[in-house]
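1. for reference, the sequence and a predicted model appear below.
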Amino acid sequence: MPQLEVAGAALAYDDEGPRDGAAAPLVFIHGWTANRHRWDHQLAHFAADRRVIRLDLRGHGESTGAGVKTVAELAEDVVALLDHLEVDRFVPVGHSMGGMISQTLALAHPARVERMVLVNSIGRMTYSRGRGLLMAASTLVPYKLFVATNIQRAFAPGYPKERIREYVRSSAGTPREVVMTLYGAMRAFDVLDRAGEIDAPTLMVHGYHDIQLPVRQMLRMAKAYPDAEVRIIDAGHELPVERPAELTAAVERFVGGKP
């Protein structure tokens with residue numbers, strides 16, 4: 001497992017697939033409390049024919065590093081990795097917080113983002129008053145309970161409970177400081193008013209049962225994009241592991257099939 005030292009962190013990453021193809025590399029970016037293995041199905045599928053890169057964000061998975069206060073700082077980590085790998089044009093595929101990072105990349109480096117896939121992500125964190133109070137109160141409970149509550153709610157009804165418990169354990173292994181700092185970074189994230197500046201063709205794939213980041217918020221974002229395609233799948237917030245084959249198929253159709 002290679003690692004890159006960047007800004008006080010050691011980022012674990014995978015870089016697989018052929019380097020000689022014409023297709024831009026796919027760069028998979030996971031969400032809050034997760035790790036790069038959320039993309040196992042997509043890596044196995046796409047790396048046979050094109051270059052695929054994925055990383056553990058700082059403080060997550062096998063990467064080290066403290067939490068940061070803005071999503072933009074996480075985007076800078078991704079750019080540092082891509083510069084290290086000598087990747088210019090790429091296709092970010094971001095889940096949840098990873099989608100926020102992807103949008104930040106598209107705004108900061110428009111010439112480098114060929115197209116983009118946003119999975120269960122939004123352009124602005126918006127809560128009703130009741131939801132906002134509930135989320136604020138959840139930060140006051142013990143850390144493991146806070147993580148468990150958020151992860152359990154992320155899956156659609158009927159998803160196997162033993163699998164959910166596995167993801168809860170994995171997420172709870174993320175340092176508290178990283179989780180809570182990035183929780184604040186996500187709550188402050190807002191690029192919705194700039195969505196019209198993102199002219200890269202964008203696929204927005206969302207779980208119908210997502211109560212973490214509801215479909216209606218994604219649709220609001222989609223209306224603001226100049227070139228957006230929307231796909232709704234029968235899943236919750238954790239679409240990459242709830243419906244991995246359907247997500248892979250949607251991404252493949254969008255990026256033009258096998259090169």
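-> Structure's in. What do you need? Since the model is a prediction, treat every value here as computed from it, not as a measurement.

2. OK, contacts around Ser102?
-> Neighbouring residues of Ser102 by CB atoms under 8 Å, 6 or more residues apart in numbering: Ile29, Pro92, Val93, Gly94, Val113, Met116, Val117, Leu118, Ser121. Just so you know, the C-beta spots here come from the backbone N, C-alpha and C atoms, and that holds for glycine as well.

3. can you list those residues in a markdown table and add secondary structure and pLDDT?
-> Written out in a markdown table, the entries for the contacts of Ser102 read as follows (DSSP: H, G, I helix; E, B strand; the rest coil; pLDDT from 0 to 100):
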| residue | secondary structure | pLDDT |
| --- | --- | --- |
| Ile29 | strand | 98 |
| Pro92 | strand | 98 |
| Val93 | strand | 98 |
| Gly94 | strand | 98 |
| Val113 | strand | 98 |
| Met116 | strand | 98 |
| Val117 | strand | 98 |
| Leu118 | strand | 98 |
| Ser121 | coil | 97 |
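
4. pick out the most distant pair among these.
-> Pairwise distances across the contacts of Ser102 (CB to CB) peak at 14.6 Å, for the pair Val113 and Ser121.

5. neighbour-wise, which of those two wins?
-> Counted by other CB atoms under 10 Å, Val113 and Ser121 do not tie: Ser121 has more neighbours, with 28 against 24.

6. kindly provide the distance from that one to Gly158.
-> Applying CB to CB, to the nearest Å, the value for Ser121 to Gly158 is 23 Å.

7. where does the protein dip in pLDDT?
-> Under the criterion of pLDDT under 70, the regions of the chain flagged as low confidence span 127-139, 257-259.

8. now the helices for the stretch 151-259 of the chain?
-> Remark: helices of the stretch 151-259 of the chain, listed N- to C-terminal, are 161-172, 176-188, 215-224, 239-242, 244-254; assignment by DSSP state H, counting those that start in this stretch.

9. so which of those helices comes closest to Ser63?
-> Of all those, helix 176-188 sits nearest to Ser63, with 9.7 Å by CB to CB.
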